[in-house]
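Student: Just to be clear, the model below is a prediction. Sequence and coordinates:
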Amino acid sequence: MEAGPRDREQERRDAADSAPRLSPDGPDEQDVLAVEVEVELRPQRRLRIWQLAPIVALAAVGSLMFAFPLAFGTGDGGAVVAMLGLLISCCAAGWGVMAARRVGHTWPGLPPRGSGERADWRVIALYVGVGAVLVALAVWRVARLR
């Protein structure tokens, strides 16, 4: 036998009657779960264009000053210009690292700032080793200009 419209209305009323009721001022305290949700109201800190533009400009100028004398061997002043370009590039890299640190970014493998964790000595040794190799290769290449 098929149910008619009256039967469906009765089912809705029965379901509404069996639903838990709320008190006039909200749910009972025993029914509420004590789960707190924290929402960050401040916007996420990011590197802005006015922070990135001078860093990128210095890095570009420094790398060009370093690369052109090495690539084209322009006279006696080439080594000086190349070393100056290397210095400017390194300054731009340091400036970029400090700007990134201010907004909360960290190097891969290192703990976040203010976490209280200690950095692993192997990661630090790897970073120092890679930096030393890059500096040694740059100085060796500039020394070959003479």
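Tutor: On my side now, so go ahead. Numbering: from 1, shown residues only.
Student: can we go C-alpha only for contacts and neighbour counts from here?
Tutor: Fine.
Student: is it true that A92 touches A53?
Tutor: No - taking contacts as Cα atoms under 8 Å, A92 lies outside contact range of A53: 10.7 Å.
Student: center of the chain - which residue?
Tutor: Nearest to the mean C-alpha position of the chain, counting by Cα atoms, centre = their mean, stands H105 at 4.4 Å.
Student: Chain neighbours aside, what residue packs nearest to it?
Tutor: Using Cα to Cα, 6 or more residues apart in numbering and skipping the chain neighbours, the partner closest in space to H105 is P112 (7.5 Å).
Student: What of L52?
Tutor: Of all residues not flanking L52 in the chain, G96 sits nearest, at 7.6 Å (Cα to Cα, 6+ apart).
Student: Flag every buried residue along the one helix or strand that neighbour maps to.
Tutor: Element membership for G96 (DSSP states H and E) is helix 78-102. The neighbour-count check on helix 78-102 (16 or more other Cα atoms under 10 Å) flags 78-79, 81-93, 95-96, 99-100 as buried.
Student: That concludes my questions; thank you for your assistance.
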